[in-house]
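Undergrad: Give me the fold of what follows.
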Amino acid sequence: MKPRILLLDDEESLIKWLSYALQTNGYEVFATTEPKIALNQLKSEKFDCVISDIRMPQMDGFQFLKQVRSIYPLLPVIFITAYGSMDSVINALRDRASDYIMKPFGIDEILNRLKANLQKEKEVPTEIIGESKVMKNVLNLVERIANTDTTVLILGESGTGKELIAREIHRRSKRANNNFVTISCAALPETLLESELFGYKKGAFTGADSDKEGLFVVANKGSFFLDEIGDAPSSVQMKILRLLEEKEIVPLGSTRPIKVDVRLIAATNKDLYEEVKQKRFREDLYYRLNVIPLALPPLRERKEDIPLLAEHFLKAICAKENLGEKRLLKETIELLKDYTWPGNVRELKHIIERAAILAETFYIKPEHLALPGVEVKPLKKLEDEEIRRAISECKGNIKEAAKRLGISRSTLYRKIKKIRN
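TA: Numbering: from 1, shown residues only. Modelled structure (predicted):
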């Protein structure tokens with residue numbers, strides 16, 4: 001069945017061109033210049049993606065998006081507009097647009113964005129993988145706290161999966177049908193972070209031409225994941241404390257507080273108690289955040305989970321990139337388990353993805369990993385071992401073994417002869 005696209009734009013010429021281009025590339029398209037007609041169509045028929053302009057005379061794209069989200073909370077919506085600015089990008093993503101593309105654009109660009117967003121819709125949320133005792137303890141705690149509104153502080157090194165755990169807490173909570181909003185305190189400068197979190201009133205500073213809602217308002221009734229809380233500047237720390245104590249925020253340039261109902265989940269890779277002692281973090285905020293601390297173990301302390309994670313990442317990248325089936329050699333798995341993993345699960349994922357893409361053989365060998373500071377066996381010895389293993393697993397069938405190894409039968413016979421000699 002062809003993917004169905006709803007196309008909304010007030011430019012008749014663009015509608016005709018884009019409709020034709022999408023139809024010739026295998027999509028079924030319903031196109032209109034009227035937002036009300038588009039909404040009625042969405043209510044009566046099922047679509048796989050919406051492509052909409054932002055600036056339209058009857059109803060702008062943001063108003064349209066809010067109505068779409070009330071019908072289909074997860075339907076991919078891609079905004080297109082000639083009026084590009086960082087504000088419109090931020091507003092689009094804040095209002096839960098899936099993607100954003102600037103005019104003028106080529107058909108290849110829109111096709112690539114469509115493909116990516118349709119793939120996201122099909123993806124099943126990543127499961128938290130782990131059979132180790134420490135991870136089972138983490139998941140048991142997640143289950144116990146998910147349905148409460150208690151503040152959670154997730155502790156762990158970079159790459160251990162803090163945001164994944166935060167999303168899991170939200171997914172299992174009574175707030176699951178509302179927004180999950182996330183921002184990193186280390187990603188933005190102080191002034192921009194404050195305005196993004198709490199919003200501002202028109203005239204609050206140079207360039208504040210209109211009122212703007214903060215992300216805490218966007219997250220109302222939902223969950224807010226505040227990553228790298230240890231990097232929050234003191235002005236932001238003070239306002240977060242007020243949020244936790246009074247359940248309210250004050251936008252920049254305003255004196256009127258706004259009530260918000262959010263469940264705060266914070267995370268850090270720093271020792272916050274040490275930060276408090278060094279006067280870099282507010283002591284009162286620390287105790288407000290540290291109601292339920294949840295410590296994620298580094299990967300080196302859950303080595304029994306490494307084979308499961310590696311196989312999961314390998315299967316995922318092979319499916320995503322159409323690489324066919326690949327497997328990890330026993331020696332490869334042992335090398336993965338012996339490595340210290342300073343970058344934790346994130347580093348493991350990237351190592352496996354790189355190895356799967358670069359390896360031209362069925363088996364992922366130790367040298368394919370290219371782990372920093374790790375020496376592996378000579379290539380010839382590894383090749384001999386792989387040939388013996390393939391022949392053994394194929395019960396002596398040279399044709400099948402050659403196919404598995406990705407070489408011809410004659411090449412395999414020559415290699416066998418060299419091994420015997």
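
Undergrad: Hmm, M135 and L164 touching each other?
TA: No - at 11.7 Å, L164 does not count as touching M135 under the criterion of C-beta atoms under 8 Å. Just so you know, the C-beta spots here come from the backbone N, C-alpha and C atoms, and that holds for glycine as well.

Undergrad: Would you mind grabbing the residues shared as contacts by these two?
TA: Residues touching both L164 and M135 (C-beta atoms under 8 Å, 6 or more residues apart in numbering): I128.

Undergrad: Looking at these two, which one has more neighbours?
TA: Ranked by neighbour count (other C-beta atoms under 10 Å), L164 and M135 place M135 first, with 20 against 16.

Undergrad: Identify each buried residue in the host helix or strand of that one, please.
TA: Assessed by DSSP states H and E, M135 sits inside helix 133-145. In terms of neighbour count (16 or more other C-beta atoms under 10 Å), helix 133-145 has its buried residues at M135, V138, L141, V142, I145.

Undergrad: Same list (the residues you listed) but as a markdown table, adding pLDDT and distance to K247.
TA: Converted to a markdown table, the buried residues of helix 133-145 look like this (pLDDT from 0 to 100; distance: C-beta to C-beta, whole Å):
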| residue | pLDDT | distance to K247 |
| --- | --- | --- |
| M135 | 94 | 33 |
| V138 | 94 | 28 |
| L141 | 94 | 25 |
| V142 | 93 | 24 |
| I145 | 93 | 19 |
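
Undergrad: quick one: which of those residues is nearest to F216?
TA: Distance to F216, by C-beta to C-beta, is smallest for I145 among these, at 21.0 Å.

Undergrad: How about the closest one: what's its closest non-neighbour residue?
TA: With C-beta to C-beta, 6 or more residues apart in numbering as the criterion, I145 has its nearest non-adjacent residue at 5.6 Å, and that residue is I292.

Undergrad: burial count for L22?
TA: Residues lying near L22 (other C-beta under 10 Å) number 22.

Undergrad: Would you agree it falls within a helix?
TA: Yes - counting by DSSP: H, G, I helix; E, B strand; the rest coil, L22 is found in a helix.

Undergrad: Could you give the bridge partners of the closest residue to it other than its chain neighbours?
TA: Using C-beta to C-beta, 6+ apart and skipping the chain neighbours, the partner closest in space to L22 is V29 (5.0 Å). Going by DSSP bridges, V29 is paired in beta bridges with I5.

Undergrad: so V29 makes contact with I5?
TA: Yes - under the criterion of C-beta under 8 Å, V29 makes contact with I5 at 5.0 Å.

Undergrad: I78 reaches I51, doesn't it?
TA: Yes - counting by C-beta under 8 Å, I78 does reach I51; the two are 4.9 Å apart.

Undergrad: Overlap in contacts, the two.
TA: If you check I78 and I51 against C-beta under 8 Å, 6+ apart, the residues they both contact are I110, L114.

Undergrad: Which one of those two is surrounded by more residues?
TA: Shown here are I78 and I51; by other C-beta under 10 Å, I51 has more neighbours (24 against 20).

Undergrad: Would you confirm that that one belongs to a strand?
TA: Yes - I51 forms part of a strand when assessed by three-state DSSP.

Undergrad: which ones are touching the residue nearest to E301 when sequence neighbours are not counted?
TA: Among residues not flanking E301 along the chain, V134 sits closest, at 6.4 Å (C-beta to C-beta, 6+ apart). Listed by C-beta under 8 Å, 6+ apart, the contact partners of V134 are P297, E301, R302.

Undergrad: same check, this time on A97
TA: A97 touches L65, V77, I78, F79, counting by C-beta under 8 Å, 6+ apart.

Undergrad: Please compute how far stretch 18-31 lies from its chain's middle.
TA: Offset of stretch 18-31 from its chain centre (C-alpha atoms, centre = their mean, to the nearest Å): 29 Å.

Undergrad: Give me the residues contacting that stretch.
TA: By C-beta under 8 Å, 6+ apart, stretch 18-31 touches 2-9, 15-16, 41, 45, 47, 51, 107, 110-111, 114.

Undergrad: Pull out the buried members of these.
TA: Among those, those buried by neighbour count (16+ other C-beta under 10 Å) are P3, I5, L6, L7, L8, D9, I15, F47, I51, I110, L114.

Undergrad: can you map out the strands along the stretch 51-200 of the chain?
TA: For the stretch 51-200 of the chain, the strands defined by DSSP state E, counting those that start in this stretch cover 77-81, 99-102, 152-155, 180-184, 199-200.

Undergrad: Let me see the domain layout of the protein.
TA: Domain assignment for the chain by automatic domain parsing gives 4-122, 133-297, 300-420.

Undergrad: what's the least confident stretch among those domains?
TA: Mean pLDDT across these is lowest at domain 4-122; the value there is a mean of 81.

Undergrad: what about the helices in the stretch 1-150 of the chain?
TA: 12-24, 35-44, 61-71, 86-94, 107-122, 133-145 (DSSP state H, counting those that start in this stretch).

Undergrad: Out of the ones you listed, flag the one nearest D231.
TA: Of all the helices of the stretch 1-150 of the chain, helix 86-94 sits nearest to D231, with 20.2 Å by C-beta to C-beta.

Undergrad: So which bits of stretch 22-39 are buried?
TA: Of all the residues in stretch 22-39, those buried under the rule 16+ other C-beta under 10 Å are L22, Y27, V29, F30, A31, T32, T33, P35, A38, L39.

Undergrad: From one end of it to the other, what's the distance?
TA: Criterion C-alpha to C-alpha, to the nearest Å; first-to-last residue distance in stretch 22-39 is 21 Å.

Undergrad: Can you give the distance of that stretch from its chain's centre?
TA: Worked out by C-alpha atoms, centre = their mean, stretch 22-39 lies 29 Å from the chain centre.

Undergrad: What of stretch 347-363?
TA: 20 Å.

Undergrad: list the buried ones in stretch 305-320?
TA: Neighbour-count burial for stretch 305-320 flags D305, I306, P307, L309, A310, H312, F313, L314, A316, I317, C318 (criterion: 16+ other C-beta under 10 Å).
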